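Enquirer: got a sequence here, can you build the structure:
(chains A and B)
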2 protein chains.
Amino acid sequence: MQGHLADGLVEVGPNGRERYYDSRGYGRPRGDGVVLDPIEAAHLLYRGDLDAVDGAGLSKFLADNDGIVAPFLVYKDLRQRGFYVSPAREGWVAEPSGIDLVTHPRGDGPWDETVEYRVRVVGERASVSFASLGDAVLAVVDEESELTYLETDRPDIDGQSHLDALPNVEGDLLGDRVICWSPPVVLYERGFYGQPLDRDDDAVQLSLLEAAYLAERGILSVQGGTNAIEARGRSVEGDRFDRRLTVYRTLRKRGVVPKTGFKFGADFRTYETVEHVDDLGHSELLVRVLDADAERSPRDIALDVRLAHGVRKRMIFALVGDDSVEWLSVGRLTP
Amino acid sequence: MQGHLADGLVEVGPNGRERYYDSRGYGRPRGDGVVLDPIEAAHLLYRGDLDAVDGAGLSKFLADNDGIVAPFLVYKDLRQRGFYVSPAREGWVAEPSGIDLVTHPRGDGPWDETVEYRVRVVGERASVSFASLGDAVLAVVDEESELTYLETDRPDIDGQSHLDALPNVEGDLLGDRVICWSPPVVLYERGFYGQPLDRDDDAVQLSLLEAAYLAERGILSVQGGTNAIEARGRSVEGDRFDRRLTVYRTLRKRGVVPKTGFKFGADFRTYETVEHVDDLGHSELLVRVLDADAERSPRDIALDVRLAHGVRKRMIFALVGDDSVEWLSVGRLTP
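Expert: As a prediction, the model looks like this:
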């Protein structure tokens, strides 16, 4: 059968409806015929189920429409995985903005109007805005045209690490840290603030974030107070210190204990439940702090997700706006 | 015993020589006494082997010299690991520029003038120039004052994947890739260029880098030639495409096969020996391509190294200068 491209759709008919739509979920019916998205037409050409579009076979059709090559590769892969897939066109699927394809649950077709995944197709070097993520699956086409799927979500982050009261403590601001020479034992052992200078020693070193948080709560006294600690933090990393402090504070208030994620290239690793440092569980999350407007390439996102997966943690991006923190989780998905 | 700070050194004497230098390798002799670097003085104060410096105990001495806190933490750690350590001062160790400490081999002391590690102390958020690495160990002090050691080296990169001649092949430039609809079988199976469009299909997709390299060697014909491919690559990632192509070409010429490192957040993973794709070994290296002038934070470097380690590969930074590529390896070290 032959197709004809008009107004961005490939018309196939007459009698295309039963062959393409009813039995295999391609396109949308128009009378006895069917109209196909160019991605679907490419797939039918590829499978040999459509002979040509205006005389063009697959290679010519793709050459004439090279913007559809990446979505075509994703469409083909999802079909091979046993899904019916609808191109995200206005009137074809609900809320098509920001996505390229909708995958229907296995066994369902476009006539069911059900949704398994909302899929956005991106190249690995594209720039992806974090604010735009949370309900879409990213289908990343890498430079060798291999596909990686990343699911995104907007989870709640909460924990049970609440410590009612801490005794006051004094410390010295020394370089990028505060050293408390004789702190109360609960500071480290129950609160998991800082780390001992040495195993057989009382002194505890606090990070600048821990120190700023304890100082603003009136627990830690340092010469110059909270301002001196924050000024030191800003001199090391600028605005980023404030963003990280906002996330640190938010996590602590929610009963989650953040510790440095340096060894994982992240800002924090976090503990949902800390009762005593001798009885620490596995940290559950890796958190990267970003400005709410931040953009990153899928390559960088994939690096974080890969590492988190490798150490059995969940990757969370903390998006810091003017007066709020939004949480975005990103994980690998096998559709 | 008491010390006295003068001209950046802490003088201890008389009779300090035997106690501090001869028996435990602190400082350098001066007459019967000894002069100590402030880092060493801090360590002796910390251990209780020195009473005070100009009346100051450890906390006051560190507060007055807070630039030495990070090197002091590293010095203390290396001492605990059983090394004698010399501060990198002119006249104390060879070539002290660019490093902070020299670790002597276990069993050796400063009088042996032997070197196990040349150590540079950096904060996790500092900016490290890659050009300055290759013979130093980075001792990274993270924000919670934990230490990570990274060894750096300048290895040779070579492989045995040489393919004498490839037949010519035609392809279509489609988006960010070139599709060869009926390529010679050796292109993919022996050369490991591209990847099949599908398992049961002849068509092979080449990345823009693979295509540019094959086109400049006269093997691949594409409409518009090498220029068209390179222009497409530059439109996607600017100068970075040229740097990556330089590294791709250099690796191929050395008999190493680069494939995308996307899944690892790197530019390439590489294979030293490819004879047939059905018999591929484990890829050995992850390669990140950088400008020769590039700087990065230890946090970012640690992320790469951690991931490479987790997948049992070696992390290599390819530093691209005007007409050369220098290789820098970075790995974790337990001193």
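Enquirer: around A:Arg106, how many other residues sit close by?
Expert: 11 (other Cβ atoms under 10 Å in any protein chain shown). In short, each C-beta sits where N, CA and C put it, glycine included.
Enquirer: oh, that last question was meant for A:Phe264, not what I typed.
Expert: Counted with other Cβ under 10 Å, A:Phe264 comes out at 26.
Enquirer: pLDDT value on the residue in the stretch 151-300 of chain A positioned nearest to chain B, please?
Expert: The nearest approach of the stretch 151-300 of chain A to chain B comes at A:Gly265, 2.4 Å away (Cβ to the nearest Cβ). Looking at A:Gly265, its pLDDT is 87.
Enquirer: how about A:Tyr149?
Expert: Model confidence at A:Tyr149 (pLDDT) stands at 97.
Enquirer: helix, strand or coil for the nearest residue to the residue of the stretch 151-300 of chain A closest to chain B once chain neighbours are set aside?
Expert: By the measure of Cβ to Cβ, 6 or more residues apart in numbering or on different chains, the closest residue to A:Gly265 outside its immediate chain neighbours is B:Leu303, 2.4 Å from it. On the three-state scheme (DSSP: H, G, I helix; E, B strand; the rest coil), B:Leu303 is labelled helix.
Enquirer: residue contacts, the residue of the stretch 151-300 of chain A closest to chain B?
Expert: A:Leu303, A:Asp304, A:Leu307, B:Arg299, B:Asp300, B:Ala302, B:Leu303, B:Asp304, B:Arg306, B:Leu307 (Cβ atoms under 8 Å, 6 or more residues apart in numbering or on different chains).
Enquirer: what about the residue nearest to A:Gly265, neighbour count?
Expert: 23.
Enquirer: pLDDT score assigned to it?
Expert: 89.
Enquirer: does it touch A:Leu303 like I think?
Expert: Yes - contact criterion Cβ atoms under 8 Å: B:Leu303 and A:Leu303 qualify, at 6.8 Å.
Enquirer: and which of the contacts of A:Gly265 is nearest to A:Thr260?
Expert: B:Arg299 (9.7 Å; Cβ to Cβ).
Enquirer: what angle sits between the stretch of helix or strand the closest one belongs to and helix A:298-310?
Expert: According to DSSP states H and E, B:Arg299 maps onto helix B:298-310. Calculated by axes from the mean of the first three to the mean of the last three Cα atoms, to 10 degrees, helix B:298-310 forms an angle of 60 degrees with helix A:298-310.
Enquirer: what's the first helix or strand after helix B:298-310?
Expert: strand B:314-320.
Enquirer: counting contacts, what elements does the next helix or strand after that following strand pack onto?
Expert: Toward the C-terminus, strand B:314-320 is succeeded by strand B:325-333 as the next helix or strand (DSSP H and E). Secondary-structure packing of strand B:325-333 (3 or more Cβ pairs under 8 Å, 6 or more residues apart in numbering or on different chains; DSSP states H and E): strand B:147-153, helix B:239-253, helix B:298-310, strand B:314-320.
Enquirer: what comes up buried for strand B:325-333?
Expert: Using 16 or more other Cβ atoms under 10 Å in any protein chain shown as the test for burial, strand B:325-333 gives B:Val325, B:Trp327, B:Leu328, B:Ser329, B:Val330.
Enquirer: CA atoms only: put stretch A:146-166 into CSV for me.
Expert: C-alpha atoms of stretch A:146-166 as CSV (Å, rounded to 0.1, in the frame of the first residue of the first chain):
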residue,chain,number,x,y,z
GLU,A,146,21.5,2.8,21.8
LEU,A,147,18.5,3.6,24.1
THR,A,148,18.4,4.1,27.8
TYR,A,149,15.1,4.8,29.6
LEU,A,150,15.0,7.0,32.7
GLU,A,151,11.9,7.3,34.8
THR,A,152,11.3,10.5,36.7
ASP,A,153,9.1,11.1,39.7
ARG,A,154,8.3,13.7,42.3
PRO,A,155,8.5,11.8,45.6
ASP,A,156,8.0,12.9,49.2
ILE,A,157,11.1,12.7,51.3
ASP,A,158,10.6,11.9,55.0
GLY,A,159,12.4,10.2,57.8
GLN,A,160,12.2,9.3,61.5
SER,A,161,15.5,10.8,62.7
HIS,A,162,14.2,13.4,65.1
LEU,A,163,16.2,14.4,68.2
ASP,A,164,14.3,16.6,70.6
ALA,A,165,16.9,18.6,72.3
LEU,A,166,20.7,18.9,72.1
